[in-house]
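K.L.:
how would this look folded up:
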Amino acid sequence: MTDDFTRAWRDWHEHREAALAQPHGWLSLTAFHWLDEEPAPLDGLPGLWSSDGTAVTVTAKAADGLSADGRAVDGTVEFKAPAGSGPAWVDYGDKRLELAPRGGRHAVRVRDPLAPTRTGFTGVPAFDPDPAWVVRAEFTPAPELVDVGSVREGVDQSLHAVGTVRFDLGGAAQELVATDAGEGRLWLLFRDPTNGDTTSSFRQLTASAPDPDGTVELDFNRSLNMPCAFTDYGTCPLPPGANRLTAAVTAGERKPS
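P.N.:
Here you go, the predicted structure:
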């Protein structure tokens, strides 16, 4: 008989896998193209593409099949997403082209529903859920901007740290820098001794906003792989340097097969 804890985890895990398998989700990435100031063609895409670091410019004919917001790209069009709104998008048949700002530059990432990483997806392996991996932590506010780098060479990233969480795990005191996940929630990027063996090189965990007394619940059963664990075209930020647990976290998602 399945208990409520396990049932809730399984429902969550199923939703997670369904989100990954969306037609233009992380599993659909097939290419990453840096843009330069000089207009140039991109492999497998029509038109000429360039970026001055603040906007992407595309020159194409209507017959080329590029469109944005339902309108054909015909001539020279500039794309500039408002600050904080995420990337701009261009459609090309069933593909979606993400105009991604990264470190003062722009890249075009191609999202194709027919990507082998998506069509061959059979789910994300995970450890069996165990309530023992749900721990209480003490949150101490300490806002600062932390430079963390990225899995992709040439991409520098910074995270807005909001404080630290301290807790016991594996019989030892642990501490992680928490960054802003929005709406008061905490985002934890962490490494642990399972990385490279049963798990990917690092993982992520999102926690609810701390309680008024400064405590917060961390459920390591819901540790997730970063997008870069599934695709070579990710630009995932690295964990802050100190975010390395001494206890092996045999909970949450395993390394994708």
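K.L.:
show me where pLDDT drops low in the stretch 51-200 of the chain?
P.N.:
Per-residue confidence for the stretch 51-200 of the chain (pLDDT under 70) gives these ranges: 82-85.
K.L.:
and the strands in it?
P.N.:
Remark: strands assigned in the stretch 51-200 of the chain by DSSP state E, counting those that start in this stretch are 56-60, 66-68, 71-72, 75-79, 88-92, 95-102, 105-111, 134-147, 158-169, 172-180, 186-190.
K.L.:
looking at those strands, which is closest to Leu29?
P.N.:
Minimum separation from Leu29 across those (CB to CB) falls at strand 105-111, 5.9 Å. (C-beta placed from N, C-alpha, C; glycine too.)
K.L.:
and Glu14, what are its phi and psi?
P.N.:
The phi/psi pair for Glu14 (degrees, to the nearest 10) reads phi -60, psi -40.
K.L.:
swap in Lys61?
P.N.:
Note on Lys61: its backbone torsions stand at phi -100, psi 150 [degrees, to the nearest 10].
K.L.:
you'd agree it is up against Thr76?
P.N.:
No: Lys61 is beyond contact range of Thr76, at 10.9 Å (criterion: CB atoms under 8 Å).
K.L.:
can you give me the end-to-end span of stretch 123-143?
P.N.:
Distance between the two ends of stretch 123-143: 37 Å, counting by CA to CA, to the nearest Å.
K.L.:
let me fix that: stretch 187-201
P.N.:
Criterion CA to CA; first-to-last residue distance in stretch 187-201 is 17 Å.
K.L.:
buried ones in that stretch?
P.N.:
187-195, 199-201 (16 or more other CB atoms under 10 Å).
K.L.:
quick check: pLDDT value at the residue most central in space within the chain.
P.N.:
Centroid-nearest residue in the chain: Pro227, 4.8 Å away (criterion: CA atoms, centre = their mean). With respect to pLDDT, Pro227 has a value of 96.
K.L.:
which ones are touching it?
P.N.:
Counting by CB atoms under 8 Å, 6 or more residues apart in numbering, Pro227 touches 26, 234, 236.
K.L.:
coming back round to it: kindly reformat the strands of the stretch 51-200 of the chain as TSV containing distance to Phe127.
P.N.:
Output for the strands of the stretch 51-200 of the chain, formatted as TSV (distance: least, CB to CB, whole Å):
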stretch	distance to Phe127
strand 56-60	41
strand 66-68	42
strand 71-72	47
strand 75-79	42
strand 88-92	36
strand 95-102	32
strand 105-111	29
strand 134-147	13
strand 158-169	15
strand 172-180	18
strand 186-190	15
